[in-house]
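>>> sharing a model that was predicted from the sequence below.
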Amino acid sequence: MNPSRPRDAALDAFRGLMALVMVQGHAFEALLTPAHRSDPGYQLQLILHGSTAPGFLFASGFVAALPRSPLAAHAAWRRARRLGFVFVTGYALQLPFFSLWKTLNEATPAQWRGLFAVDALQLVAVAQLLLLGLQLTFPRRFPAAALAAAAALAIAGPVVWHGRLAESWPAFVAPYLDMSTGSHFPLFPYAPFVLAGGAAGAWLGRSDARQRRAPLVRAGALALGVGAALAPLAFRRVDFWAEWDFWAISPAYTLIRLGGLLLLLAALDAVVLRGWRGSRLLAAVGRETLLVYVLHLLLLFGGVLGAAPLARHAGQLGFGGAALVFTALLPPLALAAWGWHRVKTAHPREAALVVAFGACWFAATFALNPW
């Protein structure tokens, strides 16, 4: 028996679970009527979804740190190139028009803000590039360096937000600092989840699943305890913290969410080792989270390539209808992830050529389209 297999399956299941809960949240956001979105039940699920994106980010950092340091130059370049693709894909999803000329000449200020906003893919790319830099700079002390960087960014977050530092930076850079520009995932407070995931991946990612469960539980309990202990201190600083700030930028809340994610990963280790069949579906989705992420956004919200197939239902459904649509999305998303993974595994060079051809076609068409 390959000792790494349960560990890999659990990590893939973790990523798949975060991806599917993210799809559910976006489906409800896009499809529910305004009245249903003001329902207490919907507001409760928003709170529960507060850790979905951090889990997605944590897992991305965990996977990135699995290769042993020091990294070979060709491996570092290959990863940087892949992250560049993720970075560009994030902005491509936000283009106002499928034409460079029209974007430069016709885009409104609101559309430019939407284009420059930082979403999950841009954040993953930039934070993982920071991880890569730490791996190359501190090859022997990478886990400690990643953890220190995560702590530094978490502590600096309130200063960056309350100092309104984004106001003094160019429009392309400011969205990486806070949410005032419309960004969903600025570096503060979300990059620490990627960096902490990198530290955890380098520390425990190559351990046997049975061996790593206890350290994960201890680390998760410690993070929860410290975060809970610091939370009252944040609330007492009424001159500095508003209540909503705690749920967005507080280092205490970051620790609480990290603790919960570590405990969840430990639980999935146990579930996968017991052979739960549902973990196979989660793992299939988790192996291709980029594809699932892009596909579900196109299906729900559309993009420059065309309107969303589900656009006619936007803001029209109740909880039952939205849940039914979400359930109907699961099979095609899981099948697409499973099929693409099989193709990449069996024919890696051909799969890379397909991606390269698609990227070149998109770039050329965008550059040459007159309108």
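Thanks, I have it. Residues are numbered from 1 along each chain as shown.

>>> okay, now the residue lying closest to Val160 once chain neighbours are set aside: neighbour count?
Sequence neighbours aside, Phe188 is the residue nearest to Val160 in space, at 5.0 Å (criterion: Cβ to Cβ, 6 or more residues apart in numbering). (C-beta placed from N, C-alpha, C; glycine too.) Per other Cβ atoms under 10 Å, the neighbour tally for Phe188 reads 22.

>>> check which residues of the helix or strand Phe188 falls within are buried.
Using DSSP states H and E, Phe188 sits in helix 187-204. Buried residues in helix 187-204, counted by 16 or more other Cβ atoms under 10 Å: 187-204.

>>> and that helix, what does it pack against?
Contact analysis of helix 187-204 by 3 or more Cβ pairs under 8 Å, 6 or more residues apart in numbering; DSSP states H and E lists helix 52-64, helix 120-137, helix 142-162, helix 209-236, helix 243-249, helix 251-273 as its packing neighbours.

>>> so of the ones you listed, which one's packed in deepest?
Mean neighbours per residue, mean count of other Cβ atoms under 10 Å, is largest over the helices and strands packed on helix 187-204 for helix 52-64, with a mean of 25.

>>> from the chain's centroid, how far away is the helix or strand following it?
For helix 52-64, the following helix or strand on the C-terminal side (DSSP H and E) is helix 73-92. With Cα atoms, centre = their mean, to the nearest Å as the basis, helix 73-92 stands 15 Å off its chain's centre.

>>> and stretch 181-190, by the same measure?
12 Å.

>>> show me the contact partners of the lowest-mean-pLDDT helix or strand in the chain.
Ranking every helix and strand in the chain by mean pLDDT, DSSP states H and E puts helix 243-249 at the bottom, with a mean of 73. Contact with helix 243-249 is made by 50, 157-158, 161, 179, 188-189, 231, 234-235, 252-253, as judged by Cβ atoms under 8 Å, 6 or more residues apart in numbering.

>>> let's go with 6 Å and repeat that
Contacts of helix 243-249 from elsewhere in the structure, counted by Cβ atoms under 6 Å, 6 or more residues apart in numbering, are 157-158, 161, 189, 234, 253.

>>> nearest to Val292 among the residues you listed?
Of all the contacts of helix 243-249, Val292 sits closest to Pro189, with 24.4 Å by Cβ to Cβ.

>>> not counting sequence-adjacent ones, nearest residue to the closest one?
Gly157 (4.5 Å).

>>> where in this structure is pLDDT low?
The chain contains residues with pLDDT under 70 at 1-8, 234-244.

>>> go again using 80 as the cut-off
Residues of the chain meeting the criterion pLDDT under 80: 1-8, 44-45, 47-51, 69, 208-209, 233-246, 275, 277, 371.

>>> quick one: secondary structure of the residue of it positioned farthest from its centre?
Distance from the C-alpha centroid of the chain, by Cα atoms, centre = their mean, peaks at Pro370 (33.9 Å). Look at Pro370: counting by DSSP: H, G, I helix; E, B strand; the rest coil, its state is coil.

>>> tell me the phi and psi of it?
Dihedral angles of Pro370 (phi, psi; degrees, to the nearest 10) stand at phi -80, psi -20.

>>> and the nearest residue to it once chain neighbours are set aside, what helix or strand is that in?
Nearest residue to Pro370 in three dimensions, chain neighbours excluded: Trp101, at 5.9 Å (Cβ to Cβ, 6+ apart). Following DSSP H and E, one finds Trp101 within helix 100-106.

>>> residues contacting Gln135?
Gln135 neighbours (Cβ under 6 Å, 6+ apart): 69, 71, 142.

>>> go again using 10 Å as the cut-off
Neighbouring residues of Gln135 by Cβ atoms under 10 Å, 6 or more residues apart in numbering: 64-65, 67-71, 75-76, 79, 142, 145-146, 198, 202.

>>> next one: Leu32
Counted by Cβ under 10 Å, 6+ apart, Leu32 has contacts 38-39, 42, 313-319, 321-322.

>>> state the distance from it to Pro331.
Distance of Leu32 to Pro331, computed by Cβ to Cβ, to the nearest Å: 22 Å.

>>> alright, calling it a day.
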